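Asks: Turn this into a model:
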Amino acid sequence: MAPRGPAVILLAALAAVLGACAHDGDAIRGSGTIEMDEVDVASLVGGRLERLNVIEGDTVRAGDTLAVLNRREVSADLEAQAAEAQRAQSQAKDLQQGSRPAELVIAREAVRAANADLALAQAEYERTERLVKNGVAAPADLDRDRAQRDAAQARASSAAEQLRLQEEGYRRQQVAAAKQGAVAAAAQLQGARSRADELVLTAPRNGVVLLVNYRAGELVPPSMPVVTLGDPDSLWMRVYVAAPLLTKVHLGAPVEVRPIGVSKPFRGRVVSIATEAEFTPRAALTEEEQANLVFGVKLVLDRTGGRLKAGLPADARILLTAPGGSAGGGASGGGASPASQAAGPGPR
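Replies: This is a model prediction of the structure:
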């Protein structure tokens with residue numbers, strides 16, 4: 001029998017090291033390391049770290065303030081946008097309300113004054129016209145009085161039109177434009193507030209401070225994590241299942257996880273099954289070569305109350321028959337293809 005090639009031997013060794021599962025009667029066994037969900041807390045705008053409220057190991061709750069950054073141009077922009085929004089809103093409200101009572105009084109008095117000037121100019125014109133007909137006044141005087149009368153008539157018409165506009169209010173287009181300007185200013189103010197909120201970093205969830213990446217006074221670039229949080233109640237591990245056993249694993253199947261040195265197992269379930277093999281020989285023809293194909297299976301542990309820690313090596317058993325005799329995951333013995341059973345991302 002010809003010896004296997006070096007590539008196949010290496011792949012088999014790697015699969016064994018990564019804890020490819022073995023069939024154990026009513027369960028599939030595997031090994032791995034317990035991991036913890038981690039969250040990086042960063043700012044979209046960055047700035048100088050003004051205050052740091054936590055140290056590594058602190059327990060925080062969702063909404064707690066972790067750090068405060070300082071960026072003066074962001075604060076100044078917020079104040080400017082707030083003032084602009086107030087101005088635009090006041091202008092829109094003023095146009096919508098129309099003319100004030102005092103402005104209407106002024107417009108009416110202007111009409112009365114213009115009409116009085118027109119009456120006087122008309123009387124002067126008629127008197128000069130009679131004098132010219134009698135040969136007492138020169139025709140030039142009549143021309144002058146006629147021009148004064150026409151000018152007074154134009155001023156009276158203009159004053160009357162101004163009064164009509166004041167009584168009708170501003171044009172609908174002007175009011176609509178002012179309203180749209182107020183909406184735009186409010187949107188810009190919201191954007192400025194959002195940028196300002198990025199200067200205060202709060203905990204997005206309950207957890208423990210794993211890392212503090214900057215110190216007070218340091219300059220933090222945008223999107224760089226200032227604090228890394230971990231959730232000790234959100235633990236998981238990944239095991240690798242050989243291809244011949246993969247059809248026996250189903251989403252939601254119960255699992256038992258036993259850390260090294262612990263006698264009582266912890267419960268969990270299967271939450272995702274990789275759709276692509278981790279190690280793929282060029283040609284998987286024999287049963288031995290097929291066994292070199294392994295797929296990552298993610299297991300999530302039930303809440304442990306802090307009894308388990310991330311980084312602990314552990315053995316896992318994926319139960320094919322749930323306690324009480326029901327089939328794990330509710331699937332038939334034949335099983336579906338891994339692609340149809342897997343939902344969610346592959347290996348993290």
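
Asks: Go ahead and confirm residue 45 touches residue 199.
Replies: Yes. The pair residue 45 and residue 199 qualifies as a contact (Cβ atoms under 8 Å) at a distance of 6.9 Å. Quick note: C-beta positions are derived from backbone N, CA and C, even for glycine.

Asks: Mind giving me the packing neighbours of the helix or strand containing residue 255?
Replies: Residue 255 is part of strand 254-259, with elements assigned from DSSP states H and E. For strand 254-259, the packing partners by 3 or more Cβ pairs under 8 Å, 6 or more residues apart in numbering; DSSP states H and E come out as strand 266-273, strand 294-301, strand 313-319.

Asks: Highest mean neighbour count out of those strands?
Replies: strand 294-301 (a mean of 23; mean count of other Cβ atoms under 10 Å).

Asks: can you give me the angle it makes with strand 313-319?
Replies: Counting by axes from the mean of the first three to the mean of the last three Cα atoms, to 10 degrees, strand 294-301 lies at 100 degrees to strand 313-319.

Asks: Measure how buried residue 277 is and give me the count.
Replies: Look at residue 277: counted by other Cβ atoms under 10 Å, it has 19 neighbours.

Asks: Please apply the same query to residue 165.
Replies: Here the number of neighbours of residue 165 (other Cβ under 10 Å) works out to 12.

Asks: Centre of the chain to whichever strand or helix holds it, how far?
Replies: Taking DSSP H and E as the definition, one finds residue 165 inside helix 139-168. In terms of Cα atoms, centre = their mean, to the nearest Å, the centre of helix 139-168 is found 63 Å from the chain centre.

Asks: following that helix, which helix or strand comes up?
Replies: Heading C-terminal from helix 139-168, the first helix or strand you meet, by DSSP H and E, is helix 172-197.

Asks: Sort out which residues of that following helix are buried, please.
Replies: Applying a neighbour-count criterion of 16 or more other Cβ atoms under 10 Å, one finds 175, 178-179, 181-182, 185-186, 188-189, 192, 195-196 buried in helix 172-197.

Asks: Does anything pack onto that helix? Which helices or strands?
Replies: The helices and strands touching helix 172-197, judged by 3+ Cβ pairs under 8 Å, 6+ apart, are helix 72-97.

Asks: now the helix it packs on: mean pLDDT?
Replies: Helix 72-97 comes out with an average pLDDT of 71.

Asks: next one: stretch 43-61
Replies: Per-residue scores along stretch 43-61 average to 89.

Asks: and what of stretch 106-123?
Replies: Rounded mean pLDDT across stretch 106-123 is 87.

Asks: do stretch 264-281 as well
Replies: Here the average pLDDT along stretch 264-281 is 84.

Asks: Only C-alpha atoms, please: export it in CSV.
Replies: What follows is stretch 264-281, C-alpha atoms only, in CSV (Å, rounded to 0.1, in the frame of the first residue of the first chain):
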residue,chain,number,x,y,z
LYS,A,264,-20.1,18.8,36.8
PRO,A,265,-20.8,19.9,33.1
PHE,A,266,-22.3,23.2,32.1
ARG,A,267,-25.2,23.3,29.6
GLY,A,268,-25.3,25.0,26.2
ARG,A,269,-26.5,24.6,22.7
VAL,A,270,-25.3,24.6,19.1
VAL,A,271,-25.9,28.0,17.4
SER,A,272,-24.0,27.8,14.1
ILE,A,273,-22.4,25.2,11.8
ALA,A,274,-19.8,26.3,9.3
THR,A,275,-20.7,25.8,5.6
GLU,A,276,-17.1,25.4,4.5
ALA,A,277,-14.5,23.0,5.6
GLU,A,278,-11.5,24.2,7.6
PHE,A,279,-9.1,21.8,6.0
THR,A,280,-9.7,20.4,2.5
PRO,A,281,-7.3,18.0,0.8
